[in-house]
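1. structure, please.
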Amino acid sequence: MKLNEIADKAGATHSRKRLGRGIGSGSGKTGGRGVKGQKARSGVAINGFEGGQMPLYRRLPKRGFVNTFAKDYNIVSLARIEEAVAAGKLDANATIDGAALKAAGIIRRARDGVRVLSDGDVSRKLTISVEGASRAAIEKVEKAGGTLTVPATTSADEA
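-> Here you go, the predicted structure:
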């Protein structure tokens, strides 16, 4: 094999669309850009521009507060955990934590931690260790004979 014999597979490359080559080509005259004006020219960036008038996003008052330090938890229901244990994706005897939930495909990526909510019921003894849980979820897991451990926090809803 020589360098000059190397070629792409058939259909791997497309010939580029030649614009502005006469009206018979199907993409002549305006070259697929519609009619004349600013948007027909090159180098147009007019998002939010209102012709020199103060743009709407600058005229409206800014309200509220965005907490940049807020935790972004993965929300997992007890029903989803129970379903994964029944399907054999999670081991009921092992500790269920963020890594185990990710390996089982219940959460896609670990964010700031996992928060368990009480949707559904637990029928078996589970050991769950997560960053947050609702009181009802903790009660349901303990009622089934398991444990749901959460690090100590100051929040009223987490325990």
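
2. packing partners of the helix or strand harbouring residue 148?
-> Per DSSP states H and E: residue 148 is located in strand 147-149. When contacts are defined as 3 or more CB pairs under 8 Å, 6 or more residues apart in numbering; DSSP states H and E, strand 147-149 packs onto strand 127-129, helix 135-143. The way it works is simple: take the backbone N, C-alpha and C, and place the C-beta from them, glycine included.

3. how about a cut-off of 6 Å?
-> In this structure, strand 147-149 makes packing contacts with strand 127-129, judged by 3 or more CB pairs under 6 Å, 6 or more residues apart in numbering; DSSP states H and E.

4. which parts of the strand it packs on are buried?
-> Residues residue 128 are the ones in strand 127-129 that count as buried (16 or more other CB atoms under 10 Å).

5. and that strand, which strands flank it?
-> Applying DSSP bridges, strand 127-129 is found paired with strand 95-96 (parallel), strand 147-149 (parallel).

6. among those, which is nearest residue 138?
-> Closest approach to residue 138 among these is made by strand 147-149 (4.8 Å; CB to CB).

7. so which bits of the closest one are buried?
-> Buried residues in strand 147-149, defined by neighbour count with 16+ other CB under 10 Å: residue 148.

8. what are the contacting residues of it?
-> With contacts defined as CB atoms under 6 Å, 6 or more residues apart in numbering, strand 147-149 is touched by 127-129, 133, 138, 141.

9. so how far is the strand holding residue 148 off the chain centroid?
-> Put simply, strand 147-149 sits 28 Å off its chain's centre (CA atoms, centre = their mean, to the nearest Å).

10. re the thing from before, just put the strands paired with strand 127-129 in JSON lines and tack on mean pLDDT.
-> Shown next, in JSON lines, are those (pLDDT from 0 to 100):
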{"stretch": "strand 95-96", "mean pLDDT": "94"}
{"stretch": "strand 147-149", "mean pLDDT": "93"}
